[in-house]
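K.L.:
no sequence for this one, just the structure:
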């Protein structure tokens, strides 16, 4: 697992820095005045971690040990055979001794090979031991197997050395002895001595059936030391023995050399041929996967990504999906992230059991791509969240896979959103906050049962508010209002909803502007038909009710101001009874707050509203109450004019 690559964080910073001075957008649909919030949420820290990939299956060991082992060493040891040969050694006649020692040395070699197999198994047991006791037992097995392997190696070399150093006259198996001796030395990593034995074999027995294997050993040595020209020459000698078991390996190695030398088309063709030959011959099964992987590596250099699947099906129908996965990994390694994303997407659509892991990998291919912009990275994470939701809903993933899928996708969605959000707070740029909002919204929509759902809803609302502050259009403020309305109700969240609706309405914070001109001498004749609040105004009223249920005091300033605005909205809809009720509630609260100027406006508007509703009795009661408050009356010239007019004039019918 690793923390988000520096490349992505740099790109986030770069994309934000490039937008520090946002270009002028369309003129806002609201007034320049914006209601601002006194408190905002402190963002959680970002921790973006790449999911641990399953350990890749180890590539098969294609060293010469698995393909050139002498026939005598391939069979498992026979019970009692080693003891029988050792017991007979002192009794063997001199003429028969070379053959006997070769048989004894080969038997030691078989025991060495068997001990090596035990060693590999014991090391695997150590790695997978479930507890300390099992690990201790496995480690003991490792030590025993290593000791047996070393002992048998030394005995084999000691037994065979006199046979090859001073071959007896008439000994017809010298080439076999040289090759077996060289093979055992090679297996024991005595490479210099092994090559000396093989070189002697080539010079002394050029027609031996073991010559082709000796050439392969030298070719492998040259390849390992980077001497590609010498390696290529040796492998081509091996190909002169087309029926030899090692010819296919030589062909595979030549494909590798062609790739290393930039001859990708030649490598592609050779790997294709080896894959076909190995698929038909069970003896070459070990070469199938290396040939397919080599084909993929070469294809990544010269092939077209959108043609990969049919090409791979022609090579191996059964392994085409595996090959697509390798191709995506190769594209990532080559820095061709767009191609990798396309291949991962294609794999996901094929619906394999690891479709979610593939979609995660596809997302990372975009996040790591230095050419990807904020929009592209955001879309990739959105797609991951949607795909995860669909896969989980389908119920086709085993429970452990589904749990890991949810963990990986939601962690990435949450933290990439937070990364954008943090960047927007630093730079005040529009692009990263819009990206954060998109990802929060996608998270909330696709993971409705997430344990952090409440927090994510609040983060989405915070991002929606920040986005609206930059965008300033009515639609953005409506989105912010809805986002806060969807969060857990608190004084802060319900107030944010109220303020967002105020901004959506373009409401001026001034009571005087909200009320408009007040002149009871110009009341219209008749009572206008009652209308209805529009959607935004109705939403503001509902938000005020929710806020009122959260605040400690009904005299709260924001609540009083909101109710006054609601009263003006009711007046515009000719809903005078509701407007009057709100104004009658607001006016004494303004009095208690000592807000004389706005109290005068509220009182004046209340009288105007009652007059328009033809509520003469209630109006006169209010007139008398305001007139009785001499300090308030004397300091409110506009209200005095209204009261004097209402006392001396009848209301129009």
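P.N.:
In hand now; what should we look at? All values reported here derive from a predicted model rather than from experimental measurement. Residues are numbered from 1 along each chain as shown.
K.L.:
make it CA atoms for all contacts and neighbour counts henceforth
P.N.:
Noted.
K.L.:
what about the helices in the stretch 501-650 of the chain?
P.N.:
511-515, 535-548, 557-572, 576-593, 596-612, 616-628, 630-634, 637-648 (DSSP state H, counting those that start in this stretch).
K.L.:
which strands or helices does the last one pack on?
P.N.:
This points to helix 637-648. Under the contact criterion of 3 or more Cα pairs under 8 Å, 6 or more residues apart in numbering; DSSP states H and E, helix 637-648 touches helix 596-612, helix 630-634.
K.L.:
got JSON lines for those helices, with mean pLDDT, mean neighbour count and distance to residue 497 too?
P.N.:
Compiled in JSON lines, the helices and strands packed on helix 637-648 are given as follows (pLDDT from 0 to 100; neighbours: other Cα atoms under 10 Å; distance: least, Cα to Cα, whole Å):
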{"stretch": "helix 596-612", "mean pLDDT": "94", "mean neighbour count": "23", "distance to residue 497": "24"}
{"stretch": "helix 630-634", "mean pLDDT": "93", "mean neighbour count": "13", "distance to residue 497": "34"}
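K.L.:
residue 163: which of these is closest?
P.N.:
Closest approach to residue 163 among the helices and strands packed on helix 637-648 is made by helix 596-612 (115.9 Å; Cα to Cα).
K.L.:
which residues touch that closest one?
P.N.:
Residues from elsewhere that reach helix 596-612 (Cα atoms under 8 Å, 6 or more residues apart in numbering): 511-512, 515, 518-520, 523-524, 527, 564, 571, 576-577, 579-580, 583-584, 586-588, 590-591, 616, 618-619, 622-623, 626, 632, 636, 638-639, 642, 651.
K.L.:
tell me what angle that helix forms with helix 576-593.
P.N.:
Interaxial angle, helix 596-612 versus helix 576-593 (axes from the mean of the first three to the mean of the last three Cα atoms, to 10 degrees): 160 degrees.
K.L.:
chain center to helix 596-612, what's the gap?
P.N.:
60 Å (Cα atoms, centre = their mean, to the nearest Å).
K.L.:
can you tell me how far residue 256 sits from residue 244?
P.N.:
Per Cα to Cα, to the nearest Å, residue 256 is found 20 Å from residue 244.
K.L.:
swap in residue 301?
P.N.:
Between residue 301 and residue 244 the distance, using Cα to Cα, works out to 31 Å.
K.L.:
next one: phi and psi at residue 555?
P.N.:
Note on residue 555: its backbone torsions stand at phi -90, psi 10 [degrees, to the nearest 10].
K.L.:
now it: closest residue in space that isn't a chain neighbour?
P.N.:
Nearest-residue entry for residue 555: residue 589, 5.7 Å, with adjacent residues in sequence omitted and distances by Cα to Cα, 6 or more residues apart in numbering.
K.L.:
can you pull the pLDDT of the one you found?
P.N.:
As predicted, residue 589 sits at a pLDDT of 94.
K.L.:
now do the longest helix seen in the chain: which elements does it pack against?
P.N.:
Longest helix in the chain by number of residues (criterion: DSSP state H): helix 132-165. Applying 3+ Cα pairs under 8 Å, 6+ apart, one finds that helix 132-165 contacts helix 97-127, helix 174-187.
K.L.:
what's the first helix or strand after the last one?
P.N.:
Translated: helix 174-187. helix 191-204 (DSSP states H and E).
K.L.:
now the element after that following helix, going C-ward?
P.N.:
Past helix 191-204, the next helix or strand by DSSP H and E is helix 211-224.
K.L.:
what lies in contact with that next one?
P.N.:
Helix 211-224 is contacted from outside by 64, 68, 179, 195, 198-199, 201-202, 205, 228, 230-235, 237-238, 241, 244, 246, 250, using Cα under 8 Å, 6+ apart.
K.L.:
list the buried residues for that helix?
P.N.:
By neighbour count on 16 or more other Cα atoms under 10 Å, the buried set for helix 211-224 is 211-223.
K.L.:
hmm, back to that, buried stuff in the longest helix of the chain?
P.N.:
Neighbour counts using 16+ other Cα under 10 Å place 135, 138-139, 141-142, 145-146, 148-149, 152-157, 159-161, 163-164 of helix 132-165 among the buried residues.
K.L.:
related to what we said a few turns ago, more neighbours: which of residue 256 and residue 244?
P.N.:
Remark: of residue 256 and residue 244, residue 256 carries more neighbours, 28 against 16, as counted by other Cα atoms under 10 Å.
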